[in-house]
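# curious how this folds, go ahead:
(one chain, ligands or ions: 1)
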Amino acid sequence: MQKKFVWLLLLMVFTAFTQMSFAQTGEEEFRNGVMDLSGWNREESPMLTLDGEWEFYWNELLSPEDFHTGSHEAAKKWIELPRAWNNFELDGEKLSGSGFATFRLLITNPGDELLGIKIPRIFTSYRMWANGDLLASAGETATAAEQMKPQYLPQIHFLQGNTDPIELVLQVSNASHRSGGILESIWLGTAEAVVEIRICNLALDLFLFGSLFVIGLYHIALFLYRTKDKSSLYLGIYSILISLRTLFVGEIFFIHLFPGFPWELAHKIQTTAYYYGIPLVFSYLRTIFPKDVSKKANHVIQIIGAAFSLLVLTTPARIFTLVNPVYQVFSICTFGYVLWIVLITCIRKRPGAYLLGFGLTMMVFTALNDVLFLSVIVADSHNHFLRNFVTRGDLSSIGLLVLTLTQALVLARKFSGSFSQVELLTAKLRSANKGLEEKVKERTLALETSREELKVAYQAVSRSEKSLQNLMQNVSHDLRTPISSVIGYINTILDGIVKDPWQQQEYLIRARDKSYQMSNMVQELFELSQLESRQFQLQYTEMSVIEFILYFSEKCSLDMHQAKVSFKIIKPGAHEDSFLHAMFVKADVRKMERVFANLINNAVKYTPADGQIDLTFALNEENSLLQVNISDTGIGICEEDRAHIFERFYIVSKARKAGKDSNGLGLAIVKEILASHGSQIEIQSEPGKGSRFFFSLSVYQRKIDQGSSL
Ligand code: ADP
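Next comes the predicted model:
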């Protein structure tokens, strides 16, 4: 990918340079102000430079008519163009840049074809006549500096070749720039060739402007999105500056669009772009190769660049073009330093060093070309050897374009690398997150379970505490009376109050019964405490509903055996048998026995001999419940007592008075056992008519072949 791109760049650069290849014509230069076109092969080289010895009239603004009178022959000198008239020796004195002069050239044997002439920017105003007709002008020529008006306006015009010779007269004046005169070659060629060159040059300029401007904006946008990376900002500003400069050099398209645009301002823009470009390039270099660009050198370059740019902005071109040679020397030194940086970054194999090195080298050499083109050594002399290489002053835009493209490639590589890295990290993070999520889920579940366990444990602890408290209270309160009685009976004997042995035995029997009663009570209390605190494990047995009914019916029948009341068991109808077999119930059989026994005993206790006790089993299929009813026709319980009979030690006063053997723990135990089975004991009663105690147990379906464990 990288190699392909470099080849593409090389191809571009090559194409750009071949577009300018017309500069290298290798033609012979003419002398004595006469150019003979008799040997001109239009096919081979359709374009010729008008480089050679022109007639030169210093301090004269002559029109074509002046030459017909021949009055200025005495002032005639020869000057080899192109060159600034600066340092031209005239009567032993060297000329400065300011002043005015006339140039003249005769072109012999031009042939019949239409010819084109391509006039570059001339420093800094001119008027040109061909065969006495005014052909072109830019700005205003004048003898007084105040009246001169500078303008750079490269243009093409056409000459009718049928006059022989063609006489070109060119008035030039300058008071605005350090250099004056014709610094760049004037071209002559076939009309088609001249038009073609003009179009190609304009196309190249506009292409460079557009490309650099868009690249500049793109890099600035990049910076705005990622302000951390300042290299994009520097390169962006630099590209935009150079893109603008492109419109003010070469074909100077901007002035064609806006001919009235002030020359001074145009010159400032063009020069600032070049001046400030150098510190910008260094800022850019420093951000991409911070370890290789000396901080101090960078500071010096920033300061010098900024100072000179400021000078350009604040002084007229006449002044700042004077210091231009100094800045040119400075530029050449910095270019050397850039090349050095390129070399060391390549040696140190910094990322992107080869590509950027290529771009930077291209930029340095093209910028060097532009600097040399306008430098004193090239501009002020015609024969300098550098003129063989430096033929135009607008190559740096091409160099910069190459640099920005290499930078774009490096960025693209960096971004795609970062993107791949991001993708990799995202995948890693996603899998890590997944693991984490699962772990969090696991932990949450574990925490939830622990919380539930803690809650259960807490409830158990508080229940234990409560039951212990109850136990202590009951032992201290409810056992005190029977203990006092026992002590009373024994003391009566010991104190000799009762002497009759039969009576004594009677007292001892009472003490024994009370003790049995207490023992029973303690036993029940203990059992109740255990139930309340859920400190026991229910021994669940699974049995079919029918087994359950049969088992407890039988048990109750046995308990009822000695009771004198009539007792009836009501079971679900035979048609429900299969269903009863299929339904199952889970219960701790021993505890359940206790429930049935307590309820039946109570019913017996509080029902007169002619009463009736019914034990009913009913199945509520809809709710999957087995309902158990124990009803009697006994004394019943009033509403006030009903609210309390399930509390421990609650004995209905009537019962107490009736002297029934009761301690008020039976129903509390029933309530707790059923609660631990997830059920609830309920009561319906009417004093004098009887009571009905009932509860329900959940049933469920199970395959019959699994059998029961009872
Ligand atoms: P006890 O062991 O003293 O019978 P219980 O807790 O079993 O204690 O009963 C509490 C009270 O509820 C009893 O004192 C009694 O007055 C009343 N009671 C319980 N069952 C019946 C019933 N079938 N008919 C009338 N009263 C009842």
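
# drop to CA atoms for contacts and neighbour counts, all remaining ones
OK.

# distance of the residue of the chain most remote from its centre relative to residue 447?
Computed with Cα atoms, centre = their mean, the residue of the chain farthest from its C-alpha average is residue 500, at 106.7 Å. Residue 500 sits at a distance of 73 Å from residue 447 (criterion: Cα to Cα, to the nearest Å).

# cool, and residue 310?
Distance of residue 310 to residue 447, given as Cα to Cα: 71 Å.

# what about the helices in the stretch 501-650 of the chain?
Ranges of helices within the stretch 501-650 of the chain are 501-533, 545-560, 577-582, 589-605, 639-642, based on DSSP state H, counting those that start in this stretch.

# now the second one, how far from the centre of its chain.
In terms of Cα atoms, centre = their mean, to the nearest Å, the gap separating the centre of helix 545-560 from the centre of its chain is 75 Å.

# avg pLDDT for stretch 616-631?
Across stretch 616-631, the average pLDDT comes to 90.

# do stretch 76-93 as well
Here stretch 76-93 scores 90 as its mean pLDDT.

# what's around residue 495, how many residues?
Close neighbours of residue 495, defined as other Cα atoms under 10 Å, add up to 9.

# local confidence estimate at it?
Residue 495 carries a pLDDT value of 89.

# can you report phi and psi for the residue most central in space within the chain?
Centroid-nearest residue in the chain: residue 422, 10.4 Å away (criterion: Cα atoms, centre = their mean). Dihedral angles of residue 422 (phi, psi; degrees, to the nearest 10) stand at phi -60, psi -40.

# if we ignore the residues flanking it in sequence, what's nearest residue 179?
In space, and not counting its chain neighbours, residue 179 is closest to residue 97: 4.5 Å by Cα to Cα, 6 or more residues apart in numbering.

# any idea how far the one you found is from residue 316?
Separation of residue 97 from residue 316 (Cα to Cα): 15 Å.

# in the longest strand belonging to the chain, what's buried?
What stands out as the longest strand in the chain, according to DSSP state E, is strand 690-701. Neighbour-count burial for strand 690-701 flags 690-699 (criterion: 16 or more other Cα atoms under 10 Å).

# repeat that for stretch 565-577.
565, 567-569, 571.

# contacts for it next, please.
With contact meaning Cα atoms under 8 Å, 6 or more residues apart in numbering, stretch 565-577 is reached by 546, 549, 553, 557, 560, 604, 607-619.

# do stretch 274-294 as well
Residues contacting stretch 274-294 (Cα under 8 Å, 6+ apart): 229-232, 234-235, 237-238, 241-242, 245, 295, 298, 301-302, 305-306, 308-309, 327, 331, 334, 341, 344-345, 350.

# residue 355 reaches residue 406, doesn't it?
Yes. Here residue 355 lies in contact with residue 406, judged by Cα atoms under 8 Å, at a distance of 5.8 Å.

# state the mean pLDDT of stretch 546-557.
90.

# now swap in stretch 224-243 and tell me
For stretch 224-243, mean pLDDT rounds to 89.

# list the contacts of the closest residue to residue 367 other than its chain neighbours.
Residue nearest to residue 367 in three dimensions, not counting chain neighbours: residue 396, with 4.5 Å by Cα to Cα, 6+ apart. Each residue near residue 396 by Cα under 8 Å, 6+ apart is listed here: 363-370.

# now do the contacts for residue 95.
85-89.

# just the buried ones from the residues you listed, in ChimeraX syntax?
Per 16+ other Cα under 10 Å, the buried members of those correspond to this ChimeraX selection:
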select :85,86,87,88
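
# so which of the contacts of residue 95 are in strands?
Filtering the contacts of residue 95 for strands - DSSP E - leaves residue 89.

# okay, now residue 459: neighbour count?
Residue neighbour count, defined by other Cα under 10 Å, stands at 14 for residue 459.

# which helix or which strand is home to it?
helix 396-478 (DSSP states H and E).

# next SSE downstream of the helix or strand of the chain with the lowest mean pLDDT?
Least confident helix or strand, the chain: helix 653-657 with a mean of 57, by mean pLDDT, DSSP states H and E. Downstream of helix 653-657, the first helix or strand assigned by DSSP H and E is helix 666-676.

# quick one: is that next one near the ligand?
Yes. Contact between helix 666-676 and the ligand, assessed by Cα under 6 Å from any ligand atom, occurs at 666-668.

# select from these the one having the most neighbours.
residue 666 (25 neighbours).

# enumerate the residues of the stretch 151-300 of the chain near the ligand.
Contact residues (Cα under 6 Å from any ligand atom) of the stretch 151-300 of the chain with the ligand: there are none.

# all strands for the stretch 151-300 of the chain, in order.
Counting by DSSP state E, counting those that start in this stretch, the stretch 151-300 of the chain has strands at residues 155-160, 166-174, 181-182, 187-190.

# what would the ones you listed look like in TSV with mean neighbour count and mean pLDDT?
Below are the strands of the stretch 151-300 of the chain laid out as TSV (neighbours: other Cα atoms under 10 Å; pLDDT from 0 to 100):
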stretch	mean neighbour count	mean pLDDT
strand 155-160	18	90
strand 166-174	26	95
strand 181-182	27	94
strand 187-190	21	93
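
# closest to the ligand among the contacts of residue 95?
Closest approach to the ligand among the contacts of residue 95 (Cα to the nearest ligand atom): residue 86, at 132.8 Å.

# state the distance from that closest one to residue 185.
Noted for residue 86: a distance of 17 Å to residue 185, by Cα to Cα.

# over to residue 33?
Residue 33 sits 15 Å away from residue 185, taking Cα to Cα as the criterion.

# the strands of the stretch 151-300 of the chain: which one's closest to residue 629?
Nearest of the strands of the stretch 151-300 of the chain to residue 629, taken as Cα to Cα: strand 155-160 at 121.6 Å.

# give me the sheet partners of the closest one and which way each runs.
Applying DSSP bridges, strand 155-160 is found paired with strand 114-119 (antiparallel).

# ok, then the element right after the partner strand?
Following strand 114-119 in sequence order, the next helix or strand is strand 125-130 (DSSP H and E).

# who does that next one pair up with?
Counting by DSSP bridges, strand 125-130 is paired with strand 133-138 (antiparallel), strand 166-174 (antiparallel).

# how about those strands, which one is nearest residue 472?
strand 133-138 (122.7 Å).

# re earlier: go through the helices of the stretch 501-650 of the chain and find the least confident stretch.
Minimum mean pLDDT among those: helix 577-582, a mean of 79.

# next, the buried residues of it.
Quick answer for helix 577-582 (16+ other Cα under 10 Å): 579-582.

# got it, and stretch 664-675?
Using 16+ other Cα under 10 Å as the test for burial, stretch 664-675 gives 664-674.

# which outside residues touch that stretch?
By Cα under 8 Å, 6+ apart, stretch 664-675 touches 524-525, 527-528, 531-532, 591-592, 594-595, 598-599, 645-651, 680-681.

# type out the ChimeraX command that picks the buried ones from these.
Buried residues among those (16+ other Cα under 10 Å), as a ChimeraX selection:
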select :524,525,528,531,532,591,592,595,598,599,645,646,648,649,650,651,680,681
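
# list the contacts of residue 134.
Neighbouring residues of residue 134 by Cα under 8 Å, 6+ apart: 127-128.

# list the beta-bridge partners for it.
Beta-bridge pairing for residue 134 (DSSP bridges): residue 129.

# look up how far residue 72 lies from it.
Applying Cα to Cα, the value for residue 134 to residue 72 is 20 Å.

# residue numbers of the stretch 551-700 of the chain in contact with the ligand?
Checking the stretch 551-700 of the chain against the ligand by Cα under 6 Å from any ligand atom, the hits are 602-603, 606, 634-637, 645, 650-652, 655, 662-668, 691.

# redo that, cut-off 5 Å
Counting by Cα under 5 Å from any ligand atom, the stretch 551-700 of the chain comes close to the ligand at 602-603, 606, 636, 645, 651-652, 655, 662-667.

# ok so, going back, mind putting the strands paired with strand 125-130 in a markdown table, distance to residue 256 included?
What follows is the strands paired with strand 125-130, written out as a markdown table (distance: least, Cα to Cα, whole Å):
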| stretch | distance to residue 256 |
| --- | --- |
| strand 133-138 | 11 |
| strand 166-174 | 20 |
